[in-house]
Each structure stands twice: as C-alpha cells, then as structure tokens.
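Peer 1: prediction below, plus the sequence it came from.
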Amino acid sequence: MDANVIKNFQLEEREAEGDRVLPLAHEHALQSAGAAFHALADTMPQMVWSTLPDGSHDYYNARWYEFTGVPVGSTDGEGWAGMFHEDDQPGAWAKWNHSLATGEPYEVEYRLRHRSGEYRWMIGRALPILDKRGEIQRWIGTCTDIEEQKRIALQNEILSQELSHRIKNIFAIVSGLISLTARANAAFSEAAKDLLGRISALGRAHEFVRPHSEKSRPEAEEVTLSTLLATIFESYPAFSEGRVVITGPEIAVDSKAATPVALVFHELATNAMKYGALSNENGKITLDLSRDDDTVTFQWTEHGASVEPGKEPTGGFGSRLIDLAVKQQLGGDYRRTWNADGMEIVMTVKRNRLEQL
C-alpha cells in the first residue's frame with residue numbers, strides 16, 4: 001500500500017478518535033478505520049494486513065483469503081506464521097521482530113503457501129502508524145506476488161552463465177588459433193605474443209566479473225579496483241615479489257568497466273616489463289588510487305627505469321589502446337611524463353563510468 005494512503009488513514013484515525021489512544025483491548029480489525037478503509041484495501045491488487053503494536057495480526061483484506069484459501073480469521077494473532085515456507089521463517093521472523101522493536105519499516109522476501117498448496121515468492125512490506133507522541137498504534141502491511149519476476153531472474157541468470165561459458169570457450173579458441181598461426185609463421189611470433197597477452201588479460205577480467213554459480217563464485221563477492229588489478233597483475237612475477245604496490249580506497253567496479261581497465265593496466269605492465277621499471281630486478285611500480293565526487297584517478301609511477309632524455313619509447317598500438325579505453329570508454333583523460341627514474345602516467349576517469357554507484 002502506498003505510504004500516502006497509510007498517512008491519510010492515520011490522520012482519519014486520529015480525527016475519528018479525537019487523538020485519544022484507545023486501550024488495545026478495545027481495538028480490533030481496524031474498526032476505527034471504518035468501512036472506507038476496508039473497501040479501499042479490498043480494491044488493492046496486493047494482500048493487505050494489519051497488526052497491533054505487538055505484531056499480532058487482526059486484519060486481512062479479501063486478496064489474502066483469495067490467495068491462501070484459509071477460513072476467515074484463522075490466521076489472526078500468530079496463525080499466519082504457518083503460511084510461510086519453513087526455510088524462510090527464521091529470516092522473516094528476525095526482520096519482523098527487529099521492526100517491532102525499533103519501529104523501522106519492514107521489508108522481506110519469502111515464499112507464501114497458495115491455496116493450491118504450492119509456494120509463491122512474495123515481498124512483504126509494512127509501515128508503522130504513529131500517534132502524536134510517536135508511539136506505534138498499529139502496523140499496516142502488504143504482500144506482493146513476485147513469483148514471475150523470480151522466475152524471469154532465474155532464467156536470465158542461467159542464460160548469462162551459459163553465454164559467459166561460451167565466451168570463455170571463444171577466448172580459448174582464439175588463443176589456440178593465434179598460437180598455431182605463430183608456429184607456422186615465425187614473422188608473426190612476436191606480435192602473437194603481445195596479442196595472446198592482451199587476450200589473457202581480457203580472459204582474467206571476464207572470469208572475475210562474469211556471472212557465477214555458487215560453486216564458481218570468487219571468494220571476494222564485490223568486484224573492486226584493487227582486487228581486479230591484483231587479478232590482472234598476478235601473472236607478473238614482480239607482483240608476487242612485492243614490486244607492484246596498489247594503494248588507495250576500495251572502489252567498486254561495474255562489469256562494463258572491467259574490460260577497459262584490464263586492457264590499460266595489462267598494457268602498462270607489459271611495457272614496464274619490456275623497457276620500463278620491471279625490466280630489471282630492482283625496479284618498482286606504485287599505483288595510487290583516489291576518488292572524489294565525480295572522478296577516479298589512477299597514478300602509475302615507475303621507479304628505477306633509467307630513461308635517457310630524448311630516448312623515451314614512442315607511441316604505438318598500446319598507446320592508441322590506452323587512449324581509446326581512457327578517453328572514450330571511461331570518459332576521462334590522462335597525462336604521461338618521463339622522469340629520470342621512469343615513466344609516470346596519471347589517468348582521471350568519470351566515476352559513474354567506472355564505479356557501481
């Protein structure tokens with residue numbers, strides 16, 4: 001039931017009783033609300049119910065009895081509890097008792113027994129009705145059937161997992177074709193190595209953010225920048241040696257942003273391995289993450305790379321890839337400088353393109 005309807009009912013109840021607080025023993029079945037409330041509740045597509053301040057049910061609208069098929073009055077008091085699926089009762093009771101104790105709105109999903117004997121998923125909600133002193137006079141709640149939405153969500157989850165599995169297979173097939181081509185054509189071997197590295201980075205990013213089953217789900221439930229970057233860097237020995245250090249806040253990453261992030265940092269790490277800080281055993285990289293209300297900033301700093309003035313690496317496909325990912329896909333910009341100690345690149349991207357807000 002809409003919150004405004006509940007507020008109007010509250011005002012009508014106060015006016016009808018002159019703001020008197022009736023003894024609970026004399027309140028029953030929303031008698032103070034009159035026939036108008038009953039008629040309104042019976043027109044609702046949801047099941048509507050009411051309880052006394054202690055949580056004891058004393059009213060259900062016609063939809064409740066149509067759905068459950070139980071005799072009128074048989075679920076008053078705590079008789080309603082047996083209508084829930086036994087697996088859902090502990091959680092529903094815990095939330096309901098919390099609301100009764102605190103006055104906080106109640107919301108929970110559970111399975112409710114239909115008159116056919118089958119259980120259907122519901123979302124239950126309730127708000128307290130307060131008097132002028134802020135004391136709870138009763139609770140007004142609803143049960144809304146969400147069985148169809150649950151079925152659609154399950155179907156979509158199964159479809160997503162199947163598509164994800166097929167994508168993993170495509171990564172493997174493409175990598176195999178590249179390797180076969182490189183073995184047959186020596187001139188292609190160096191380019192194939194770089195291409196396989198990029199595909200591998202995409203595969204690791206996809207594995208991290210793809211839809212998972214309960215068995216395949218990673219230990220970290222939330223995808224954050226630091227955990228995603230650790231997944232990208234784990235194939236580089238320097239990371240396990242502690243020479244690639246990530247600092248900054250935990251920032252949640254949307255699945256759509258995982259691909260450009262993976263490509264950018266794989267490219268930076270690969271370049272560092274070839275001719276940057278990671279090309280020698282003493283080099284080190286620090287990656288500092290920061291954010292404000294609108295942007296997220298990555299500061300990649302290489303130490304111990306010994307760059308000679310005028311001999312900085314020129315831009316190639318990797319630079320164009322970074323440009324595409326940062327500017328177009330993540331809506332940001334970057335600045336790259338070459339210091340005597342190594343390269344530094346500062347990338348600032350739009351937070352709403354990266355983070356789960």
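Peer 2: Happy to help now that I have it.

Peer 1: shouldn't residue 125 be within a strand?
Peer 2: Yes: counting by DSSP: H, G, I helix; E, B strand; the rest coil, residue 125 is located in a strand.

Peer 1: so what's it up against?
Peer 2: 105, 106, 107, 141, 142, 144 (C-beta atoms under 8 Å, 6 or more residues apart in numbering). Placement of C-beta: from N, CA and C, glycine included.

Peer 1: which among those residues count as buried?
Peer 2: Listed as buried from the contacts of residue 125 are 106, 141, 142, 144; burial here means 16 or more other C-beta atoms under 10 Å.

Peer 1: just the closest of the residues you listed to residue 83, please.
Peer 2: residue 141 (13.6 Å; C-beta to C-beta).

Peer 1: surely the closest one is in contact with residue 55?
Peer 2: No: applying C-beta atoms under 8 Å as the test, residue 141 and residue 55 come out as separate, 10.4 Å apart.

Peer 1: related to what we said a few turns ago, narrow the buried ones among the contacts of residue 125 to those in strands?
Peer 2: 106, 141, 142, 144 (DSSP state E).

Peer 1: could you report the neighbour count for the closest residue to the third one other than its chain neighbours?
Peer 2: The one in question is residue 142. Nearest residue to residue 142 in three dimensions, chain neighbours excluded: residue 46, at 4.3 Å (C-beta to C-beta, 6 or more residues apart in numbering). When counting by other C-beta atoms under 10 Å, one arrives at 20 neighbours for residue 46.

Peer 1: tell me the spacing between residue 46 and residue 95.
Peer 2: Residue 46 sits 18 Å away from residue 95, going by C-beta to C-beta, to the nearest Å.

Peer 1: and if you look at residue 38?
Peer 2: For residue 38, the distance to residue 95 - C-beta to C-beta - is 27 Å.

Peer 1: ok, and the helix or strand in the protein with the lowest average confidence?
Peer 2: helix 3-17 (a mean of 44; mean pLDDT, DSSP states H and E).

Peer 1: ok so residue 70 is a strand residue?
Peer 2: No: counting by three-state DSSP, residue 70 is not part of a strand but coil.

Peer 1: any idea how many residues pack against residue 231?
Peer 2: 20.

Peer 1: do residue 50 as well
Peer 2: 22.

Peer 1: any stretches of the protein with poor pLDDT?
Peer 2: Along the chain, segments meeting pLDDT under 70 span 1-34, 157-173, 194, 197-198, 201-202, 204-222, 306-318, 356-357.

Peer 1: care to break it down by domain?
Peer 2: 3-145, 148-219, 220-357 (automatic domain parsing).

Peer 1: these two touch, right, residue 79 and residue 57?
Peer 2: Yes: applying C-beta under 8 Å, one finds residue 79 in contact with residue 57, separated by 7.5 Å.

Peer 1: list the residues that contact residue 114.
Peer 2: 67, 68, 69, 120.

Peer 1: show me what the last one is bridged to.
Peer 2: Counting by DSSP bridges, residue 120 is bridged to residue 112.

Peer 1: wouldn't it be in contact with residue 111 here?
Peer 2: Yes: assessed by C-beta under 8 Å, residue 120 is found in contact with residue 111 at 6.5 Å.

Peer 1: I figured the residue nearest to residue 142 was touching residue 66, is that so?
Peer 2: No: applying C-beta under 8 Å as the test, residue 46 and residue 66 come out as separate, 11.7 Å apart.

Peer 1: overlap in contacts, the two.
Peer 2: Counting by C-beta under 8 Å, 6+ apart, nothing touches both residue 46 and residue 66.
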